[in-house]
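Student: fold the stuff below for me.
(chains A and B)
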Amino acid sequence: MGPEYLQFINQTIVNMDFTYHVEGGDFTNAGSTSSEVKRMLKKLGVSPDIVKKTVVALYEAEVNIVAHAYRGDINVDLEEDKVRIVLADEGPGIPNIEWAMQKGNSTASQKVREMGFGAGMGLPNIQNNSDELKINSVVGQGTTIEFVNYFNK
Amino acid sequence: MAVEDFHHALKFKSDLCIGCAHCTGICPTGAIHIEDGHPQLDPNRCVDCGRCYQHCPVNAIYIEQDDFQTVYNCKYPVLLLPSIFIAQFEEKIKEKTILSALYHIGFKHVFEVEKSVDFIKEEMQRTVAENNGYKPIISTFCPAIVRLIQVKFPVLVPNLYLLKPPLDLTALYIKKLLTEEDHIPAEDIGIFYVTPCAAKIAAIKSPATEEESSVSQVINMNFLYSKVMRVIKQGEYKLCEDSRTRYHRLSKSSVNFTLTGGEVGLLSTGRNLAIDGIHNVLDFLEKLEDEDIQDIDFLELRACDQSCAGGILCANNRFLMAERQHKRMQKSPDEVDSEDNDLLNYVDYLNEHKRVLGTVEPRSMDKMDDNMAVAMQKMRRAFEINQNLPQVDCRICGYQSCKALSEAVVNEKASVEQCIFVQRALEHSEKLTILDTLHINTKIWGTKKNDPAIAKNLNL
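Tutor: The predicted structure follows:
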């Protein structure tokens, strides 16, 4: 398509694959990755309920890095039928994933809970809003969360 | 409803247009691009907010209106007047004078739109207090906002509050009252709504759902203002008898309804926010869609700064109008009963009809293609093109931004050579001649702006 001198445009990039960096403690920009991913899903014409689901899961996971880790990378791999998101952080890690996946289980202190945070809904919320979810964590090193949402469901 | 049914009240006059593209820049949904020296409107993006109308330096944008002659042809013309109409006038012109002038013009009755706010109040309080569904509930009062959500925030469509706005509820009551109490044949009654904005016209001519509006015709507010002023200045009218009119005193909250905070002011519980100005609304909805904002119960969103006092068809400055409206509110009674407002005698009837029939459908403008695989390809290409563009959003390509150009290119509506920076690069590598680029620019901006004689005229 188009004249020869514009061929550079026709070279297909390998994939719609983006990596975003997240700094621990930067609450001002928390949520910017999920906002960016949302915009892409809307352009693809993904149905509103799946956009919403993905945004909820990603926002939750992104804020987890900001709140608990030192830094992290979010890799978004967009394919025509699904989105795969991998959040890998350097941080304290989760000692007992199975326990943390249970609704209401939280390591948050009383002080934090009194403010309405740390209700133990984070991971369950990600699970409820993703089609596939994998969590790996090494205490003292970091956590990797990978989830997939399919578009045609 | 089919996409082609999306009605717009905003029209361009190409003979007046100087092709300055100010409208292209200000449009909150990127609905306008320039071709052949003139703006082109994308009907699927435009939400009739009227920012382009406000920014046009030569008044080349106008708002269509029904022929006023239909008022005289109608057997029983009734005026449905938003209370903000009164606020256009200087304070020394009393409400009664304005009403008398309206009767003189030929209306049988004048009803204020906000009469139904006393009914809406309880309904809203109950809905917000008992809501277990989508949060926040988003008001559908401002039709430009309803359209904005349809085209730009499909995720938020289920949050829309499908209660009929005061305009429709009051129109229903008028029909019922006149046919049942005054025994006027329904076919003789014409309800003429006076609109402060383009969005209301669009909403009446093609509602967001399949339900038809009970308003017969729409009159632009600035037009009727001029007509009334002329009658008043020439002293032609007779002061009307108080008994003649069904124009009653409105309660405080009814007068306030039309201003920013008017809906939120009706609510006594929960977290409720009022936001005016379409660009402010865009920012906020973006965050809401991102899940960045939570636990809000009710959102009152208005496209115009100062809400309806800032309507593009208002004849006076929005701050002065808000001031007069505010003063009227202070003088109004806290509460009115059915003796003051006989609409309250029709609560059962209104309860039956208060819901908007049908559903509001999302109609995303962001979607690149109906086929997801194709959309994916287009998105990739647009992304890569955009990375090679200068990001100054100069609009010389005729589009609102570099991003908008790259999307138009992948949709084969524009070519990347329309970018003036790309042109320079191609001239440099001798892939385009100056004549080629002049030709491209003429296609965007017309012959006048690309006339080589300009250099001579400037003595260069």
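
Student: quick one, what contacts the spatially most central residue of chain B?
Tutor: By Cα atoms, centre = their mean, chain B has its centre lying nearest to B:Ala199, at 2.7 Å. If a contact means Cβ atoms under 8 Å, 6 or more residues apart in numbering or on different chains, then B:Ala199 has B:9, B:47-50, B:142-144, B:147, B:303 as its contacts. Using the backbone N, CA and C atoms, a C-beta is placed for each residue, glycine as well.

Student: recalculate using a threshold of 10 Å.
Tutor: B:8-10, B:47-50, B:142-148, B:278, B:303-304, B:311-312 (Cβ atoms under 10 Å, 6 or more residues apart in numbering or on different chains).

Student: how many other residues sit next to the closest residue to it other than its chain neighbours?
Tutor: Nearest non-adjacent residue to B:Ala199, counting by Cβ to Cβ, 6 or more residues apart in numbering or on different chains: B:Ala144, 3.8 Å away. Using other Cβ atoms under 10 Å in any protein chain shown, B:Ala144 has 26 neighbouring residues.

Student: quick one: B:Ala144 and B:Ala303 touch, right?
Tutor: Yes. When contacts are counted by Cβ atoms under 10 Å, B:Ala144 is listed as touching B:Ala303 (3.7 Å).

Student: how far out from the middle of the chain is the longest helix anywhere in chain A?
Tutor: When chain A is scanned for its longest helix (criterion: DSSP state H), the result is helix A:48-68. Relative to its parent chain, helix A:48-68 has a centroid offset of 5 Å by Cα atoms, centre = their mean, to the nearest Å.

Student: give me the helices and strands touching that helix, please.
Tutor: With contacts taken as 3 or more Cβ pairs under 10 Å, 6 or more residues apart in numbering or on different chains; DSSP states H and E, helix A:48-68 sits against strand A:16-23, helix A:32-44, strand A:71-78, strand A:82-90, helix A:122-128, strand A:132-138, strand A:142-150, helix B:278-289.

Student: B:Leu79 is nearest to which of the ones you listed?
Tutor: When the helices and strands packed on helix A:48-68 are compared by Cβ to Cβ, helix B:278-289 sits nearest B:Leu79, at 28.3 Å.

Student: what helices and strands are in contact with the closest one?
Tutor: helix A:32-44, helix A:48-68, helix B:143-152, strand B:272-276, strand B:298-302.

Student: for the record, mean pLDDT for it?
Tutor: Average pLDDT, helix B:278-289: 95.

Student: okay, buried residues for it please.
Tutor: B:278, B:281-282, B:284-286, B:288-289 (16 or more other Cβ atoms under 10 Å in any protein chain shown).

Student: how far does that helix sit from the chain's center?
Tutor: That offset, for helix B:278-289, works out to 16 Å (Cα atoms, centre = their mean).

Student: dump the residue contacts of the closest residue to A:Gly91 other than its chain neighbours.
Tutor: Distance criterion Cβ to Cβ, 6+ apart; nearest residue to A:Gly91, sequence neighbours excluded, is A:Ala69 at 2.9 Å. A:Ala69 sits next to A:22-25, A:87-93, A:142-143 when contact means Cβ under 10 Å, 6+ apart.

Student: out of the helices and strands in chain A, which is least certain?
Tutor: helix A:110-114 (a mean of 73; mean pLDDT, DSSP states H and E).

Student: list the contacts of it.
Tutor: A:67, A:106, A:108, A:117-120.

Student: then that helix to CSV, C-alphas only?
Tutor: Only the C-alpha atoms of helix A:110-114 are listed here, as CSV (Å, rounded to 0.1, in the frame of the first residue of the first chain):
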residue,chain,number,x,y,z
GLN,A,110,-4.3,-3.1,62.1
LYS,A,111,-3.3,0.5,61.5
VAL,A,112,-3.5,0.0,57.7
ARG,A,113,-6.8,-1.8,58.0
GLU,A,114,-8.4,0.9,60.0
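
Student: residue contacts, the spatially closest residue to B:Phe223 that is not a sequence neighbour?
Tutor: Nearest residue to B:Phe223, sequence neighbours excluded (Cβ to Cβ, 6+ apart): B:Gln65, at 6.4 Å. With contacts defined as Cβ under 10 Å, 6+ apart, B:Gln65 is in contact with B:9, B:195, B:201, B:217-220, B:222-224, B:313.

Student: what do you get for B:Ala144?
Tutor: B:28, B:46-51, B:197-200, B:202-203, B:278, B:281, B:301-304.

Student: how about a cut-off of 7 Å?
Tutor: Contacts of B:Ala144 were listed using Cβ atoms under 7 Å, 6 or more residues apart in numbering or on different chains, and they are B:47-49, B:199, B:278, B:303.

Student: ok, now A:Asn96?
Tutor: Taking Cβ under 7 Å, 6+ apart as the definition, A:Asn96 has no contacts.

Student: ok, 10 Å please
Tutor: Contacts of A:Asn96 (Cβ under 10 Å, 6+ apart): A:102, A:105, A:107, A:137, A:139.

Student: pick the one among those closest to chain B.
Tutor: Closest approach to chain B among the contacts of A:Asn96 (Cβ to the nearest Cβ): A:Asn105, at 21.7 Å.

Student: that's a helix at that closest one, yeah?
Tutor: No. Using DSSP: H, G, I helix; E, B strand; the rest coil, the secondary structure at A:Asn105 is coil, not a helix.

Student: which phi and psi values does it adopt?
Tutor: Dihedral pair for A:Asn105: phi -80, psi 130, per degrees, to the nearest 10.

Student: in contact with A:Phe27, which residues?
Tutor: A:Phe27 touches A:63, A:66-67, counting by Cβ under 10 Å, 6+ apart.

Student: quick check: phi and psi on B:Phe257?
Tutor: According to degrees, to the nearest 10, B:Phe257 has phi -50, psi -40.

Student: for stretch B:206-222, C-alpha coordinates in CSV please.
Tutor: The C-alpha coordinates for stretch B:206-222 follow below in CSV (Å, rounded to 0.1, in the frame of the first residue of the first chain):
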residue,chain,number,x,y,z
SER,B,206,-33.1,11.6,17.3
PRO,B,207,-33.3,10.4,20.9
ALA,B,208,-30.6,8.1,22.3
THR,B,209,-33.2,5.3,22.6
GLU,B,210,-36.1,4.4,20.2
GLU,B,211,-38.6,6.4,22.2
GLU,B,212,-40.1,9.4,20.5
SER,B,213,-40.1,12.8,22.3
SER,B,214,-43.4,14.4,23.2
VAL,B,215,-42.1,17.8,22.1
SER,B,216,-43.4,18.8,18.7
GLN,B,217,-41.0,21.6,17.8
VAL,B,218,-37.8,23.3,19.0
ILE,B,219,-37.2,27.0,19.1
ASN,B,220,-33.7,28.4,19.6
MET,B,221,-33.4,30.4,22.8
ASN,B,222,-31.4,33.4,21.3
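
Student: thinking again about what came up before, and of the helices and strands packed on helix B:278-289, who's closest to A:Ile97?
Tutor: helix A:48-68 (12.9 Å).

Student: the closest one to helix B:278-289, inter-axis angle?
Tutor: 80 degrees (axes from the mean of the first three to the mean of the last three Cα atoms, to 10 degrees).
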